[in-house]
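Enquirer: Give me coordinates for this.
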Amino acid sequence: MTKTITCTKLKKEAEALDYQPYPGKIGERIMNEISAEAWKMWMDHQTMLINEMRLTPVDPKARTFLEEEMEKFLFGEGSKAPEGFVPEKK
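Expert: Below you'll find the model as predicted:
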């Protein structure tokens, strides 16, 4: 049986994550409050940020930036796309 949680991001009952996707206290919070669907949304947004801003994930400054954006995206007012970003049409 699939575990469900009340997702902070989506503000609804949704399928929980199977594992803690990020280390530390923030990872615990994500595991307890963020659904698998919302986590996938973040992963897609993070990929866009890395590509559009040409970030190197091993760079400490880039990692700090991405962690701050992750917290905004999942728990705060949201993370914005870089200025001038135009999403692909599907």
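
Enquirer: show me where pLDDT drops low in this protein?
Expert: Flagging of the chain using pLDDT under 70 yields the residue ranges 1, 90.

Enquirer: Tell me, how many residues neighbour the closest residue to Glu13 other than its chain neighbours?
Expert: Distances taken as C-beta to C-beta, 6 or more residues apart in numbering put Thr4 closest to Glu13, at 5.2 Å, once the chain neighbours are dropped. Heads up, the C-betas are built off the backbone N, CA and C, glycines and all. By other C-beta atoms under 10 Å, the residues close to Thr4 number 13.

Enquirer: Thr4 pairs with what?
Expert: Beta bridges link Thr4 to Glu15 when assigned by DSSP bridges.

Enquirer: pretty sure it is touching Glu15, no?
Expert: Yes - counting by C-beta atoms under 8 Å, Thr4 does reach Glu15; the two are 6.0 Å apart.

Enquirer: export the strand or helix carrying Thr64 as PDB, just CAs?
Expert: Assigned by DSSP states H and E, Thr64 falls within helix 60-75. Extracted in PDB, the C-alpha atoms of helix 60-75 (Å, rounded to 0.1, in the frame of the first residue of the first chain):
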ATOM      1  CA  PRO A  60      29.700  25.300  -3.300                       C
ATOM      2  CA  LYS A  61      28.100  28.600  -4.300                       C
ATOM      3  CA  ALA A  62      25.800  26.900  -6.800                       C
ATOM      4  CA  ARG A  63      24.900  24.300  -4.200                       C
ATOM      5  CA  THR A  64      24.000  27.000  -1.700                       C
ATOM      6  CA  PHE A  65      21.900  28.800  -4.300                       C
ATOM      7  CA  LEU A  66      20.100  25.600  -5.300                       C
ATOM      8  CA  GLU A  67      19.400  24.700  -1.700                       C
ATOM      9  CA  GLU A  68      17.900  28.200  -1.100                       C
ATOM     10  CA  GLU A  69      15.800  27.900  -4.200                       C
ATOM     11  CA  MET A  70      14.700  24.400  -3.100                       C
ATOM     12  CA  GLU A  71      13.400  25.800   0.200                       C
ATOM     13  CA  LYS A  72      11.600  28.700  -1.500                       C
ATOM     14  CA  PHE A  73      10.100  26.300  -4.100                       C
ATOM     15  CA  LEU A  74       8.900  23.600  -1.700                       C
ATOM     16  CA  PHE A  75       8.000  25.700   1.500                       C
END
